[in-house]
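> Compute the structure for the input listed below.
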Amino acid sequence: MSEVLIHWPDGSSCRVAGGTDWLEAASRAGYDIPTGCLGGSCGACEIDVNGETVRACIATVPNKATSEIRVELVSDPFW
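All right, here's what the predicted structure looks like:
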């Protein structure tokens with residue numbers, strides 16, 4: 001598997017293998033992604049990965065040729 005460099009919203013970075021759960025990747029970096037249901041229904045864990053919104057509790061770090069990823073928290077006015 002290829003490693004991906006992830007840049008987190010707080011300015012920290014880490015390398016993880018493609019296919020790693022997003023919540024695990026964040027934990028390894030010491031970064032906390034807010035969660036709710038942990039089943040993908042509530043949307044509390046939504047993050048933007050290179051501009052694409054994903055639900056971190058049910059998604060994994062892409063295992064693509066992309067070697068760098070920038071993560072931002074999604075802003076939801078209803079939360």
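> How far off centre is stretch 3-21?
Distance, stretch centre to chain centre, for stretch 3-21: 8 Å (C-alpha atoms, centre = their mean, to the nearest Å).
> Let me fix that, I meant to ask about stretch 49-57.
6 Å.
> measure it end to end?
Stretch 49-57 stretches 14 Å from its first residue to its last (C-alpha to C-alpha, to the nearest Å).
> Now do the strands in the chain.
Remark: strands of the chain, listed N- to C-terminal, are 3-7, 13-17, 46-49, 52-55, 68-73; assignment by DSSP state E.
> quick one: strands adjacent to the fourth one?
Each strand that strand 52-55 pairs with, and the sense of that pairing, follows from DSSP bridges: strand 46-49 (antiparallel).
> now the partner strand: mean pLDDT?
This predicted structure assigns strand 46-49 an average pLDDT of 94.
> do the same with stretch 21-34
93.
> try stretch 61-79
Here stretch 61-79 scores 76 as its mean pLDDT.
> The strands of the chain into JSON lines, with extra columns for distance to A25 and mean neighbour count?
For the C-beta atoms, the positions are set from N, CA and C on the backbone; glycine is no exception. Shown next, in JSON lines, are the strands of the chain (distance: least, C-beta to C-beta, whole Å; neighbours: other C-beta atoms under 10 Å):
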{"stretch": "strand 3-7", "distance to A25": "6", "mean neighbour count": "17"}
{"stretch": "strand 13-17", "distance to A25": "5", "mean neighbour count": "15"}
{"stretch": "strand 46-49", "distance to A25": "10", "mean neighbour count": "18"}
{"stretch": "strand 52-55", "distance to A25": "12", "mean neighbour count": "16"}
{"stretch": "strand 68-73", "distance to A25": "9", "mean neighbour count": "16"}
